[in-house]
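>>> Give me a model of this one.
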Amino acid sequence: MDLHTISDRALVKMYMTGNEHSLAELIRRHQEKVYTSIFMFVKDEVLAEDIFQDTFIKVIETLRRGKYYEDGKFLPWVLRISYNLCIDHYRKVKRTPTITNSDGYDIFKFLKFEEDSPEKVMIKNETHKKVRKLVEQLPDEQKEVVILRHYADLSFKEIAKITNVSINTALGRMRYALINMRKMITEKQILL
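Now for the predicted structure:
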């Protein structure tokens, strides 16, 4: 049986009935998005690795207890667990989390592009850097929505659930983020 072609929902059911390989496939399938979203919150590789491991320990414990009821929404469920663990970490150290990108991280690296000329690649990389810098200057709530929407490709309903706000609030935060980014582009005369 080729696990690569099986849906997340089916893999979860297989794991819950004892197939350990199905969990390995779920982790392989989603590890990059989960780890990167954690890293974007904590901006520390070692801490991100610890929270990533804690996330999947919690996932395994929940699945083993038969308490998974996310109706086929495995990745958003795992991202919500990781988000909550990041928030828990900051509560423990009595700091407010900041949702920023590190200088070395490109939130757009997961977008699929055609093979481009080296010149086009340089232009895209420069544009991505400029956009990243704009995102970094947004208020935390707006950064969070932009990252979850454009990096993790979550719906506004999923973002609202993860961040414990209404869908309208999540949409409003995205709207204000775009307005603020356009304003910064105009004020600083940034060419994208």
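>>> nearest residue to residue 142 other than its sequence neighbours?
Nearest residue to residue 142 in three dimensions, chain neighbours excluded: residue 177, at 3.7 Å (CB to CB, 6 or more residues apart in numbering). C-beta here means a position set from N, CA and C on the backbone, and glycine is covered the same way.
>>> Which helix or strand lies directly C-terminal to the lowest-mean-pLDDT helix or strand in the chain?
Lowest on mean pLDDT, DSSP states H and E among the helices and strands of the chain sits helix 118-136, with a mean of 78. Going down the chain from helix 118-136, the next helix or strand is helix 140-150, by DSSP states H and E.
>>> ok and that next one relative to helix 118-136, angle-wise?
Counting by axes from the mean of the first three to the mean of the last three CA atoms, to 10 degrees, helix 140-150 points 140 degrees away from the direction of helix 118-136.
>>> how far off helix 140-150 does the host helix or strand of residue 23 point, in degrees?
Secondary structure assigned from DSSP H and E places residue 23 in helix 20-42. Counting by the same axes, to 10 degrees, helix 20-42 lies at 150 degrees to helix 140-150.
>>> what's the domain layout of the protein?
Split into domains by automatic domain parsing, the chain comes to 3-92, 118-187.
>>> circling back: neighbours of the residue nearest to residue 142, how many?
The local packing of residue 177 (other CB atoms under 10 Å) involves 22 other residues.
>>> rewinding a little: which strands and helices sit next to the least confident helix or strand of the chain?
Packing partners of helix 118-136 (3 or more CB pairs under 8 Å, 6 or more residues apart in numbering; DSSP states H and E): helix 140-150, helix 167-187.
>>> what's the angle between the shortest one and helix 167-187?
Direction vectors for helix 140-150 and helix 167-187, defined by the same axes, to 10 degrees, enclose an angle of 100 degrees.
>>> Give me the average confidence score over helix 140-150.
Helix 140-150 shows an average pLDDT of 85 in the prediction.
>>> Buried residues, the helix or strand following it. List them.
Sequence order places helix 156-163 as the next helix or strand after helix 140-150, per DSSP H and E. Neighbour counts over helix 156-163 (16 or more other CB atoms under 10 Å) mark 156, 158-163 as buried.
>>> likewise stretch 181-192?
For stretch 181-192, a neighbour-count test (16+ other CB under 10 Å) marks residue 181 as buried.
>>> what do you get for stretch 130-141?
130-132, 134-135, 138, 141.
>>> so who does the nearest residue to residue 158 once chain neighbours are set aside touch?
Nearest non-adjacent residue to residue 158, counting by CB to CB, 6+ apart: residue 76, 4.5 Å away. Contacts here follow CB atoms under 8 Å, 6 or more residues apart in numbering; on that basis residue 76 touches 70, 154, 158, 161-162.
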